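Chemist: I'd like to go over a predicted model; first the sequence, then the structure.
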Amino acid sequence: MRHCVLLIHGVGEQDPHPPVGFQQRIRLAFEEELARQGKRAPAEALLWDYVYWADVTQPDQDALKGRLGVRGMLRNFLVGYMGDAVAYSKLAYPPDKYGEIQNRFAASLRRAAEGTGGEEARLTLIAHSLGTVIASDGLYDLLKANALPPNLRLANVFTLGSPIALYGLRYGLANFTKPIRPEVWVNFYYPQDVIGYPLKPLNEAYAQAVTEDIMLLPSEGTGVLSGIARMFAARLPGAGPVLAHSWYFTNRQVIGRIGRTLAEQWQREFW
């Protein structure tokens with residue numbers, strides 16, 4: 001059974017092209033785990049897609065920054081984050097940016113389903129930042145409407161630097177008790193990242209739905225020098241929290257855990 005792996009980006013200016021380097025690192029971790037078991041998977045074992053939505057919100061943010069004369073890394077980051085979070089709201093009148101973004105998400109799922117040729121496949125979502133909220137909302141709505149492509153089985157959700165916990169304030173913490181329930185949900189966060197938070201402590205529902213919250217260390221970069229630089233950067237006032245939010249895609253623990261999970265599930269299906 002193939003893995004359909006969807007990547008959903010987070011806040012701020014984003015490349016419309018998928019993060020190929022991140023995909024390659026996960027593929028390598030996947031293959032290394034299989035090799036340790038004396039196994040090998042075909043190239044088509046992982047089917048990738050990318051949910052790009054930044055162009056829905058970015059034009060207005062760029063215009064606002066120009067009118068306000070926004071300067072500096074921290075202010076640009078805050079406008080980018082807050083701007084995306086504000087724009088991603090359900091409104092009873094146009095423009096429906098929430099709907100536009102969710103249409104992108106649903107279209108990616110349909111492409112993934114079609115890419116399998118109709119065969120059953122495991123669905124894995126890897127989402128960063130506000131993308132974790134988009135993925136959670138999209139899956140919840142599709143599952144509630146019984147509209148998830150029937151050949152996709154919701155297997156894994158990996159959330160990186162997720163602000164989902166903060167969105168409990170929108171609905172009220174007492175009402176925030178209906179999380180999505182994949183087979184595996186691993187939530188990664190840096191303590192230095194002011195956007196990313198653990199999820200299991202929210203309430204009993206999230207404690208059951210989330211498999212594990214994993215707190216990451218700046219030293220876990222893909223290279224020794226990278227780790228040292230991150231440990232230094234994490235201590236910088238203002239800059240540390242901004243920089244930490246972008247470190248997930250080159251964190252050894254994130255890459256290794258995702259690759260191992262996919263490999264273990266692949267083994268269970270075929271051996």
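Modeler: Received, thanks. Numbering: from 1, shown residues only.

Chemist: looking at this, residue 197 is in a helix?
Modeler: No - checked against DSSP: H, G, I helix; E, B strand; the rest coil, residue 197 lies outside a helix; its state is coil.

Chemist: Which helix or strand contains the closest residue to it other than its chain neighbours?
Modeler: Leaving aside its sequence neighbours, residue 197 sits nearest to residue 165 (Cβ to Cβ, 6 or more residues apart in numbering; 4.2 Å). Where you see a C-beta, it was placed from the backbone N, CA and C, and this is true even at glycine. If you go by DSSP states H and E, residue 165 is part of helix 164-171.

Chemist: where do the helices sit along this protein?
Modeler: Applying DSSP state H to the chain gives helices spanning 20-36, 54-68, 73-87, 97-115, 130-144, 164-171, 204-209, 224-233, 239-244, 252-270.

Chemist: The ones you listed into TSV, with extra columns for mean pLDDT, distance to residue 152 and mean neighbour count?
Modeler: Formatted as TSV, the helices of the chain follow (pLDDT from 0 to 100; distance: least, Cβ to Cβ, whole Å; neighbours: other Cβ atoms under 10 Å):
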stretch	mean pLDDT	distance to residue 152	mean neighbour count
helix 20-36	96	19	17
helix 54-68	94	24	14
helix 73-87	87	27	17
helix 97-115	96	5	17
helix 130-144	97	10	21
helix 164-171	93	22	15
helix 204-209	97	19	14
helix 224-233	65	35	14
helix 239-244	71	33	20
helix 252-270	92	14	18
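
Chemist: So for stretch 242-262, first residue to last residue, what's the gap.
Modeler: Chord length of stretch 242-262, first to last residue, is 30 Å (Cα to Cα, to the nearest Å).

Chemist: er, stretch 179-186 actually
Modeler: Per Cα to Cα, stretch 179-186 runs 13 Å from first to last residue.

Chemist: hmm, back to that, test my guess that the residue nearest to residue 197 contacts residue 200.
Modeler: No - the pair residue 165 / residue 200 is not scored as a contact, 10.0 Å apart, by Cβ atoms under 8 Å.

Chemist: ends of stretch 194-205, how far apart?
Modeler: Start-to-end, stretch 194-205 (Cα to Cα) is 24 Å.

Chemist: let me fix that: stretch 147-164
Modeler: Length of stretch 147-164, first residue to last, Cα to Cα: 23 Å.

Chemist: Next, the buried residues of it.
Modeler: Neighbour-count burial for stretch 147-164, with 16 or more other Cβ atoms under 10 Å as criterion, is recorded at 148-149, 151-152, 154-164.
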